[in-house]
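Undergrad: Got a predicted structure here, sequence first:
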Amino acid sequence: MSTRSLSPQSPEQVANLTESYFSRKAPEALRFPDLISVNSSGDIIYAWKVSVNVDVNRETGEAQIEVVKIISQYHVKSGESRTYEVDDELSLMELQQRCDFYVVTDYTVVLVTYDVEKCTLGQVVFQLRPKTHAAEWIATRTVTVALTHSPFIGVGQLQEGRVLITGSRSTTGELVARSFAADPHMLNVISDVDYSTQINNFCAFLRGAKEEREVFIGGVFVVGNFLFIMLRREDVMIMDEIGKIDLLTNVFSLCEVNKSSVAFSGHLTIRHLKQLTSRRSNVWMSFVAPDYDQLNTFYWNIRLRLVYANLRLDNGFSLNVLVWCLEKVYGPTMMPRTAPDNRFYMYFFDLNEFRYVKAKYTPPKIHTEALHRAEFLTAFECDEEGGALVYDFATKSCTDISVNYFPKPTAPLRLSSMATHVAYRNYPSFEKSPLLRRMLGVTNWNWSI
């Protein structure tokens, strides 16, 4: 962590301060994982992976099928990891219907599945057994929810024991938003809550406004007695406003948002949205969009002007001939580049202050030659403090996992956290000795799974 000054800093300065952890060998499930989550304190990463490997014997011609169903834990500070085998009683078809994965306690995780044909949502609870390295299936709750696609799962209320399920029905155009108990064992204490009526009434409220706005159903958050809703205009994200519903008085309103930190906000679409996660009033999101800064360079100015001139002179006939020739020579995936390469944008959004803060982070990327686009092998999750734990995936060429932590930009940095990380990075004995950390007064001194 860069700590040039201990004086109060602006959110933009705090967003540039990161805690980087030592790179270590990634456990099996963290190599191209299907789903990832973190515990409430943000120091243990959980990865879910289901894969089917087919190996054909060249001599006999027989095919051997290997099914891998595992859950891995990884402690970001100590590098300790543990892998659990998923219970064989669950069918592969059921596990393939997963749509999200979250952590209830350090040894209790829940897999959320959705069957589109039967319109059933499932919460599959696993208990992790460290002694036997088994992920034991202990319960499943099934609820009928008619949706056109897999639902969005919001874990912003996870500390309160709830998760939010949102989606839409194409037949009626109705939006669905329901809150369930995160742990099915708590059904007697935590009852289900349906916010669908409020959401659809808010849609009617938007249709009565002068400007065209729609609800982005993947951006619905419950904070206290308020429901916050991100908006869109067709496919473009609306960054300067957010919808608000008072659940006590049923009053609808539109709140202005400070988007001065958002670059090219008018060009960011839902297709560009890579990930969105939240805890309480803290929202982190990332976009993968073309690097629009390059459009001002001489290279792209000349290139796009030539394309424009070609379209005006012959209605694009020569351009169509060029594309046809390229398809014949290189195949249908060989297309001319008409936009700059992709860039990674990461933002923090505070639902209390209604402002965006940009976090400067450049993850590793791979280039897909066929589509002329860069893909970023990174993901992040939000902890209860409002910070984001960012992790870069291990690949075939690099089996190490790289983890960075971004503290909440709109909250003051704690000196204890800064001092602990400085000691972690500079003194090996501090990292390896739990007794030393305990003697020095570190609250969370036991860095183990």
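TA: Sure thing, it's come through.
Undergrad: what about the helices in the chain?
TA: Counting by DSSP state H, the segments of the chain that form helices are 11-15, 92-95, 196-207, 298-314, 317-330, 415-426, 428-432, 434-439.
Undergrad: And Arg207, how far from Asn200?
TA: Noted for Arg207: a distance of 11 Å to Asn200, by C-beta to C-beta, to the nearest Å. Placement of C-beta: from N, CA and C, glycine included.
Undergrad: who has more neighbours, the two?
TA: Looking at Arg207 and Asn200 with other C-beta atoms under 10 Å, you find the greater number of neighbours at Asn200, namely 17 against 10.
Undergrad: Surely that one touches Glu174?
TA: Yes. Counting by C-beta atoms under 8 Å, Asn200 does reach Glu174; the two are 6.0 Å apart.
Undergrad: where does the stretch 301-449 of the chain dip in pLDDT?
TA: By pLDDT under 70, the weakly predicted segments of the stretch 301-449 of the chain are 330-338, 367-374, 395-398.
Undergrad: For stretch 260-271, buried residues please.
TA: 261-265, 268 (16 or more other C-beta atoms under 10 Å).
Undergrad: Leaving out the residues flanking it, which one is nearest to the most centrally placed residue in the chain?
TA: Computing the C-alpha centroid of the chain and ranking residues by C-alpha atoms, centre = their mean puts Gln275 first, at 3.7 Å. Nearest residue to Gln275, sequence neighbours excluded (C-beta to C-beta, 6 or more residues apart in numbering): Ser286, at 5.0 Å.
Undergrad: per-residue pLDDT, that neighbour?
TA: In this model, Ser286 is scored at 93, pLDDT.
Undergrad: Tell me what it is bridged to.
TA: Going by DSSP bridges, Ser286 is paired in beta bridges with Gln275, Met346.
Undergrad: check contacts around it.
TA: Ser286 sits next to 273-276, 344-347, 380 when contact means C-beta atoms under 8 Å, 6 or more residues apart in numbering.
Undergrad: Widest-spaced pair of those residues?
TA: Leu276 and Phe344 (14.4 Å; C-beta to C-beta).
Undergrad: ok, now which ones touch the nearest residue to Ala135 once chain neighbours are set aside?
TA: Nearest residue to Ala135 in three dimensions, chain neighbours excluded: Tyr84, at 4.1 Å (C-beta to C-beta, 6+ apart). When contacts are counted by C-beta under 8 Å, 6+ apart, Tyr84 touches 70-73, 128-129, 133-135.
Undergrad: if I look at Tyr84, how far off is Leu276?
TA: For Tyr84, the distance to Leu276 - C-beta to C-beta - is 28 Å.
Undergrad: Val323 too?
TA: Per C-beta to C-beta, Val323 is found 35 Å from Leu276.
Undergrad: who has more neighbours, these two?
TA: Applying other C-beta under 10 Å to Val323 and Leu276 shows that Leu276 carries more neighbours, namely 20 against 14.
Undergrad: Pull the number of nearby residues for the nearest residue to that one once chain neighbours are set aside.
TA: Closest residue to Leu276 apart from its sequence neighbours, by C-beta to C-beta, 6+ apart: Met285 at 4.4 Å. Counted with other C-beta under 10 Å, the neighbours of Met285 add up to 22.
Undergrad: what ranges of the stretch 151-300 of the chain fall below the confidence cut-off?
TA: Residues of the stretch 151-300 of the chain meeting the criterion pLDDT under 70: 171-172.
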